[in-house]
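1. Provide a 3D model corresponding to the input given below.
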Amino acid sequence: MSEVAEAGDGNAPEGVAITARVRVFPGTEREAHGVVVDDFGDFVGVAVEIGGHQIAPAARRWAVMLDDDDLVFVDSDQLVAE
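-> Numbers count the residues shown, from 1 in each chain. Purely as a prediction, here's the structure:
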């Protein structure tokens, strides 16, 4: 568990925290249910660019273990508490 999660970040969506049940990609055909397993909070980075070309996108804030045992990484606007 990250230190950020233990300290609690006030920017988290209501009801979303480590061990909370959530829906990721709500309202889309990709919607799935799972449990938040980590909150990277302030450790979420920025995209990496070299010479004007993006070589890596920004990291996602939340790690969610889906009910089908897949692990996904999503941003706050891509999940809601159940």
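2. going forward, measure contacts between C-alpha atoms and count neighbours the same way
-> OK.
3. Tell me the bridge partners for the residue positioned nearest the centre of the chain.
-> The geometric centre of the chain, computed from its C-alpha atoms, lies nearest to residue 62 (C-alpha atoms, centre = their mean), at 1.9 Å. Beta-bridge partners of residue 62, counted by DSSP bridges, are residue 39, residue 74.
4. contacting residues around it?
-> Counting by C-alpha atoms under 8 Å, 6 or more residues apart in numbering, residue 62 makes contact with 36, 37, 38, 39, 40, 41, 73, 74, 75, 76.
5. could you dump the residues you listed to TSV with distance to residue 57?
-> Output for the contacts of residue 62, formatted as TSV (distance: C-alpha to C-alpha, whole Å):
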residue	distance to residue 57
36	21
37	21
38	19
39	18
40	15
41	16
73	12
74	12
75	12
76	16
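6. Please report which of the residues you listed has the highest neighbour count.
-> Highest neighbour count within these, by other C-alpha atoms under 10 Å: residue 39, with 27 neighbours.
7. what about it, distance to residue 54?
-> Distance, residue 39 to residue 54, by C-alpha to C-alpha, to the nearest Å: 25 Å.
8. Likewise for residue 67?
-> Counting by C-alpha to C-alpha, the gap from residue 67 to residue 54 is 32 Å.
9. to the chain's geometric centre, what's the distance from stretch 41-53?
-> 16 Å (C-alpha atoms, centre = their mean, to the nearest Å).
10. Averaged pLDDT, that stretch. What do you get?
-> On average, the pLDDT along stretch 41-53 is 81.
11. tell me which residues of that stretch are tucked away?
-> Going by neighbour count (16 or more other C-alpha atoms under 10 Å), the buried part of stretch 41-53 is residue 41.
12. Which residues does residue 22 form beta bridges with?
-> Counting by DSSP bridges, residue 22 is bridged to residue 34, residue 81.
13. pLDDT-wise, which helix or strand of the chain ranks last?
-> Across the helices and strands of the chain, mean confidence by mean pLDDT, DSSP states H and E is lowest for helix 3-7: a mean of 40.
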